[in-house]
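Chemist: the amino acid sequence is not available; the structure is as follows:
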């Protein structure tokens, strides 16, 4: 089944404790992206990647890192999480930049 | 600022009725997409309409695009309880370069009562 898999689904952590949210897609998509969804602010792009080893900042990249060492994986790294990064995070992939996005089921992160 | 703005913010209808949601945007676009999100889950792509298209159908969905008014509408006909979800329009702005960034609206929350 074609899918984007994010892990974990729920994560509660404390300020400053490094964490990684994994994302993997099995559709051989070149384009991958991370979004965060917050009430009243909608979905905002954090980082995107057009292919292996090619990543760039989206609208709200501060406090986040990504890597794209393999085509299928696009992890989101929070080196020193802060409470303002409490949010619902989505990984998405597509065949190309302007193709429909396939979303993962989300990771609900709480930073205390 | 958000490119897409949906209207209404919330809509409640009876099963079998039609639901219409509207989306307005600010800048020229290459295409406009509609997505559905069930509570707390990932978004699911519904339909993509290109800037040179005026109307598109997919099953019970009908999307229109008016580039002169910078607006789009999503019509769900003969709604079902399973259509209860939030619906988002998303646009890619001309000139957004290589980002592939979609700008999402705030969404319309649709409740279909059985």
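Modeler: Thanks, I have it. Please read all numbers here as calculations on a predicted model, not as lab measurements.

Chemist: quick one: residue A:32 and residue A:49 touch, right?
Modeler: Yes. Contact criterion CB atoms under 8 Å: residue A:32 and residue A:49 qualify, at 4.9 Å. (C-beta placed from N, C-alpha, C; glycine too.)

Chemist: find the residues that touch each one of these two.
Modeler: Counting by CB atoms under 8 Å, 6 or more residues apart in numbering or on different chains, the common neighbours of residue A:32 and residue A:49 are A:68, A:74.

Chemist: who's more crowded, these two?
Modeler: A count of neighbours by other CB atoms under 10 Å in any protein chain shown puts residue A:32 above the other of residue A:32 and residue A:49, at 28 against 21.

Chemist: ok, now which ones touch the more buried one?
Modeler: So residue A:32 contacts A:23, A:25, A:48-49, A:68, A:74, A:91-93 (CB under 8 Å, 6+ apart).

Chemist: can you list contacts of stretch B:41-53?
Modeler: A:4, A:43, A:90, A:92, A:100-106, B:28-38, B:55-56, B:58, B:61, B:63, B:65, B:67, B:72, B:74, B:87-88.

Chemist: which positions in chain A make contact with chain B?
Modeler: With CB under 8 Å from any CB of the partner chain as the criterion, chain A comes near chain B at residues A:4, A:31, A:33, A:40, A:42-43, A:45, A:48, A:50, A:56, A:58-59, A:88, A:90, A:92, A:94, A:96-98, A:100-106, A:108.

Chemist: same question for stretch A:102-112, mean pLDDT?
Modeler: Throughout stretch A:102-112, pLDDT has a mean value of 97.

Chemist: buried residues, it. List them.
Modeler: Residues of stretch A:102-112 classed as buried: A:102-107, A:109, A:111 (neighbour count, 16 or more other CB atoms under 10 Å in any protein chain shown).

Chemist: among the residues you listed, which ones are in strands?
Modeler: Among the buried residues of stretch A:102-112, DSSP state E puts A:102-103, A:107, A:109, A:111 in strands.

Chemist: identify, from those, the entry nearest to residue B:82.
Modeler: residue A:103 (18.6 Å; CB to CB).

Chemist: just confirm that closest one contacts residue A:91, I think it does.
Modeler: Yes. Using CB under 8 Å, residue A:103 is in contact with residue A:91, at 7.3 Å.

Chemist: what's around the nearest residue to residue A:2 once chain neighbours are set aside, how many residues?
Modeler: Leaving aside its sequence neighbours, residue A:2 sits nearest to residue A:27 (CB to CB, 6 or more residues apart in numbering or on different chains; 4.9 Å). Residue A:27 has 14 neighbouring residues, counting by other CB under 10 Å.

Chemist: same question for residue B:62.
Modeler: Residue B:62: 17 neighbours (other CB under 10 Å).

Chemist: equivalent analysis for residue B:73, please.
Modeler: 17.

Chemist: mind checking pLDDT for it?
Modeler: Confidence score, pLDDT, at residue B:73: 97.

Chemist: and the host helix or strand of it, anywhere near chain A?
Modeler: Assessed by DSSP states H and E, residue B:73 sits inside strand B:71-76. No. Contact of strand B:71-76 with chain A is not found when judged by CB under 8 Å from any CB; the minimum separation is 14.8 Å.
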